[in-house]
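1. Pasting a predicted model and its sequence here:
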Amino acid sequence: MHVMIINGSPRVKKYSNTDKILNKFTEGLAEQGGTYEQYEVSDRKQWDDIREAFRKADNILIAIPLYVENIPGLLLEFLETVTPREGDCDIAYILQGGFAEGAQLRCGEKYLVMLSKHLGCRYKGTLVKGDNFSIRFFEGDMQDRVTGPYKRMGELFAQRGDFDDKECKKFTGPEIFPVHIRILLGVMFKTVGRIMFNKLAKSWGCEKPLNYKPYGT
Ligand SMILES: Cc1cc2nc3c(=O)[nH]c(=O)nc-3n(C[C@H](O)[C@H](O)[C@H](O)COP(=O)(O)O)c2cc1C
């Protein structure tokens, strides 16, 4: 199968976690005989080419990072310029985010079912997974540990043409953390997390504390 892939992240390819995920996914796809072409929505110079490829493709895959609980504005802006198909193509999605619980990606997933209809394509499922914040901060083996499992998903997608397999559903991981983990994470964010985020902000040139409220009390 040949897949037309769109990376829907507004981040340029070099810094995009979605791109690193797609590297592994397409490795698996190619090992099972699949071929693909990949486009970046972050590069406006590609938009004409993406529209043209979208018009002709039989299998479309849009890989999307969750931005504020749903799909990035730049991707929406692009999709508004696409001419809907006439039910003559398949569409599937990779939806990924920073936070680990599957539950917070479900609203976006529901939206993608509607979007498929709007784009005039047959919906072939969404591969849902969080816990991907760290990809861009890692390299080599550390990065592979996070992105590596997407290779198997690429293999399955090449074999099936959809994400309806049990293994794809399981891939999401925990839908919601148990109470004791949530309490532990809350404490960690307020202590170690706060120190780390403040350090990071300082290293990026931020001069005010992160809870600074210039217009509030
Ligand atoms: C502005 C912004 C909003 C985000 N909103 C969410 C969110 O609501 N939920 C979530 O799980 N991750 C969120 N993230 C994290 C990204 O989804 C995550 O880091 C993703 O891997 C980024 O992929 P990219 O580098 O290809 O854009 C957000 C990141 C940014 C920059």
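-> Arrived safely.
2. Pass me the low-pLDDT residue ranges in this protein, would you?
-> Scanning the chain for pLDDT under 70 picks out the ranges 217.
3. and it, which residues reach the ligand?
-> Applying C-beta under 6 Å from any ligand atom, we find that the chain lies next to the ligand at 9, 11, 16-18, 65-69, 96-99, 104, 130, 132-133, 136. Every residue, glycine included, has its C-beta placed from N, CA and C.
4. From those residues, list just the buried residues.
-> With burial judged by 16 or more other C-beta atoms under 10 Å, the buried subset of the residues of the chain next to the ligand is 9, 11, 16-18, 65-67, 96-97, 104, 130, 132.
5. Closest one to Thr81 out of those, please.
-> Thr81 lies nearest to Ser9 out of these, by C-beta to C-beta, at 17.6 Å.
6. check contacts around the closest one.
-> 16-19, 40-42, 63-65, 72, 75 (C-beta atoms under 8 Å, 6 or more residues apart in numbering).
7. what about 6 Å?
-> Ser9 sits next to 16, 18, 65 when contact means C-beta atoms under 6 Å, 6 or more residues apart in numbering.
8. rewinding a little: which of the residues of the chain next to the ligand fall within strands?
-> Judged by DSSP state E, the subset of the residues of the chain next to the ligand located in strands is 65, 96.
9. how is the protein carved up into domains?
-> Listed by automatic domain parsing, the domain ranges of the chain are 2-170, 177-217.
10. Let me know which of these is tucked in deepest.
-> Of all the domains of the chain, domain 2-170 has the most neighbours on average by mean count of other C-beta atoms under 10 Å, namely a mean of 17.
11. gap between that one and the chain center?
-> The chain centre lies 6 Å from the centre of domain 2-170; the measure is C-alpha atoms, centre = their mean, to the nearest Å.
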